[in-house]
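K.L.:
No sequence on hand, only this structure:
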């Protein structure tokens, strides 16, 4: 018994049918006008976020004269090597030490803060204990409180404990993340089945073993998102290191570049190069973890 070979028209019809099956219902599809406005908004957002990066990339190759006398979004005389030499000279060879400090502070705060955030979020989501509603309320209040307001009280406390001008004065406050606890709580509610926890308890697993061997794997997307938020917030933090640190060996790159700009008539091209080199670790981190980050941002949007 022979079967007819599908023609090209049949294959095209099947492809159109498969494509139509993936589309949302007609009533939910955006109109051409809405699509146009959406495309314009996306292009405007892309220009808004990418234009400063392009400007810094171009400005890092210019000297002070070219920065003021040439078009800002295009290259002039190539001055990258001289700017790097000037950057090393102005910072007395400390620039890469400051970048290393920023990586250490951000990585330490990110790892510690992420672990404690998901532990607290999981406990709130899956356990009943006295004061649970109060704890959630305090966390929600922490989301609304600007971090800058706490800097001076934190300095007073850390100075009394003798921890100022140490790495802990930056790491410990940066590791506290109310948003991380909230996201861990929401994601644990949506992604950690109660039946799985009960089965593990019946098999004799303790709560610590359940958390570290089962729950952490299920919370991985949320953990990546929390880690990225803490890492970026710690990297960009300026006021806290300014208050806590006085030693040049402990400065992060943000504080070091500020000291360079505060000089009279600084080499602006060297400062731009320092800013460009200082943001490279963040770009690498985001591109390497973006898949997990996107899934973590959607945590709790749809409950199973």
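P.N.:
Looks like it came in fine. What you are looking at is a predicted structure, and each value in this text was computed from that prediction instead of being measured.
K.L.:
and residue 83, how many neighbours?
P.N.:
Using other CB atoms under 10 Å, residue 83 is surrounded by 24 other residues. Every residue, glycine included, has its C-beta placed from N, CA and C.
K.L.:
now swap in residue 65 and tell me
P.N.:
Applying other CB under 10 Å, we find 12 other residues in the vicinity of residue 65.
K.L.:
Which strands and helices lie in contact with the helix or strand containing it?
P.N.:
With secondary structure defined by DSSP states H and E, residue 65 is part of helix 64-69. For helix 64-69, the packing partners by 3 or more CB pairs under 8 Å, 6 or more residues apart in numbering; DSSP states H and E come out as helix 268-297.
K.L.:
Please name every helix or strand in contact with the helix it packs on.
P.N.:
Contact here means 3+ CB pairs under 8 Å, 6+ apart; on that basis helix 268-297 packs against helix 32-59, helix 64-69, helix 80-90, helix 95-126, helix 220-236, helix 253-261.
K.L.:
let's see it at 6 Å
P.N.:
Applying 3 or more CB pairs under 6 Å, 6 or more residues apart in numbering; DSSP states H and E, we find helix 268-297 packed against helix 32-59, helix 80-90, helix 220-236, helix 253-261.
K.L.:
got a list of what the nearest residue to residue 90 once chain neighbours are set aside touches?
P.N.:
Setting aside the residues directly before and after it, residue 90 is nearest to residue 260 in space (CB to CB, 6 or more residues apart in numbering), at 5.3 Å. Applying CB atoms under 6 Å, 6 or more residues apart in numbering, one finds that residue 260 lies in contact with 90, 266, 271.
K.L.:
Lowest-confidence entry in the residues you listed?
P.N.:
Looking at these, model confidence by pLDDT dips furthest at residue 266: 77.
K.L.:
With adjacent residues omitted, what lies nearest to that residue?
P.N.:
Using CB to CB, 6+ apart and skipping the chain neighbours, the partner closest in space to residue 266 is residue 260 (5.8 Å).
K.L.:
Same question for residue 235.
P.N.:
Among residues not flanking residue 235 along the chain, residue 106 sits closest, at 4.6 Å (CB to CB, 6+ apart).
K.L.:
Is residue 163 part of a helix or strand, or is it coil?
P.N.:
coil (DSSP: H, G, I helix; E, B strand; the rest coil).
K.L.:
So residue 268 is in contact with residue 63, correct?
P.N.:
No. Under the criterion of CB atoms under 6 Å, residue 268 lies out of contact with residue 63, with a separation of 8.2 Å.
K.L.:
so where is this protein shaky, pLDDT-wise?
P.N.:
Low-confidence segments of the chain, defined by pLDDT under 70, span residues 1-6, 8-29, 263-264, 292-304.
K.L.:
same thing but at 80, please
P.N.:
Under the criterion pLDDT under 80, the flagged ranges of the chain are 1-31, 68, 70-72, 75-77, 259-266, 289-304.
K.L.:
Return the distance of residue 197 relative to residue 121.
P.N.:
Separation of residue 197 from residue 121 (CB to CB, to the nearest Å) stands at 15 Å.
K.L.:
ditto for residue 219
P.N.:
As defined by CB to CB, residue 219 lies at a distance of 8 Å from residue 121.
K.L.:
Please name the nearest non-neighbouring residue to residue 176.
P.N.:
With sequence-adjacent residues excluded and distances taken as CB to CB, 6+ apart, residue 176 is closest to residue 113, at 6.7 Å.
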